[in-house]
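>>> coords below, sequence missing:
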DNA sequence: TGGACGATCCCCT
DNA sequence: GGGGATCGTCCAT
């Protein structure tokens, strides 16, 4: 499968957000490979009050101003990371938040990273246990887990869940997506009829903008 | 130097 | 449907 080219990321951000759907994100570190199909994404643009770049360039958002095709990972709510694909040419602070992926490869390790026991994962490891679901439960201060039928979409159906499953954090901020650590592969072409569009999640300023794109009917879409 | 708040998630009611 | 966890960032003092 060919890698997405630099020119893919340099295009208008709304187009990139929509076209990311159906492509694969690959993360490699320490001999482990994670692969997921992108099923939900949101655009953040200049002049957009919901964007980190709304008030100009800072130390935190500097990566968003780089040339398209870099990874912008930020820390939020004191405990979560979210990952974005930087778009457009250098000097323009725009990006696309990856909100959800469908897990493809590295599933056992994703479960571990998310705090679920892997007991229920089938021995072939990277076959999705499609009938399963996971639920975290609390016992005193100890986090323990149990699995329930029908809930395993919790692995990657949100931007911070995706980052936790794939082990993405601060150290991945600024990575060039045309390198070998994190990159995107050309996947299926999604017909327009299968792409949904809506307002963005968790946004107050700029809430009217319909800059969220998702694959209709996909189980890993966040809502 | 302080304080408000956030592109979230999880648990409880 | 609501609140708590938890801390980096940014802006106002």
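Great, that's in hand. Fair warning: this is a prediction, and the values are worked out from it, not measured in the lab.
>>> Going by C-alpha atoms from here, please, whenever you check contacts or count neighbours.
OK.
>>> Could you check the pLDDT of whatever residue of chain A ends up closest to DNA strand C?
Nearest residue of chain A to DNA strand C (CA to the nearest atom of the strand) works out as residue A:78 at 3.2 Å. Looking at residue A:78, its pLDDT stands at 97.
>>> Residue A:153 too?
pLDDT recorded at residue A:153 is 87.
>>> wait, isn't it in contact with residue A:222?
No: the pair residue A:153 / residue A:222 is not scored as a contact, 9.0 Å apart, by CA atoms under 8 Å.
>>> neighbour count winner among these two?
residue A:153 (21 against 18; other CA atoms under 10 Å).
>>> mind listing the helices for chain A?
A:6-10, A:13-20, A:107-113, A:159-166 (DSSP state H).
>>> Does DNA strand C have contacts with stretch A:152-160?
No: Stretch A:152-160 lies apart from DNA strand C when judged by CA under 7 Å from any atom of the strand; the minimum separation is 11.3 Å.
>>> Listing request: residues of chain A with sub-threshold pLDDT.
In the prediction, chain A carries residues with pLDDT under 70 at positions A:118-151.
>>> Is any residue of stretch A:200-218 near DNA strand B?
Yes: where contact is defined by CA under 7 Å from any atom of the strand, part of stretch A:200-218 touches DNA strand B, namely A:201, A:202, A:203.
>>> quick check, nearest of those residues to residue A:32?
The nearest member of the residues of stretch A:200-218 next to DNA strand B to residue A:32, counting by CA to CA, is residue A:201 at 30.8 Å.
>>> how deep is residue A:208 tucked in, by neighbour count?
Residue A:208 is flanked by 11 other residues according to other CA under 10 Å.
>>> wait, doesn't it sit right on residue A:198?
No: if you go by CA under 8 Å, residue A:208 and residue A:198 don't touch, sitting 9.2 Å apart.
>>> Buried residues, stretch A:7-14. List them.
A:8, A:9, A:10, A:12, A:13, A:14 (16 or more other CA atoms under 10 Å).
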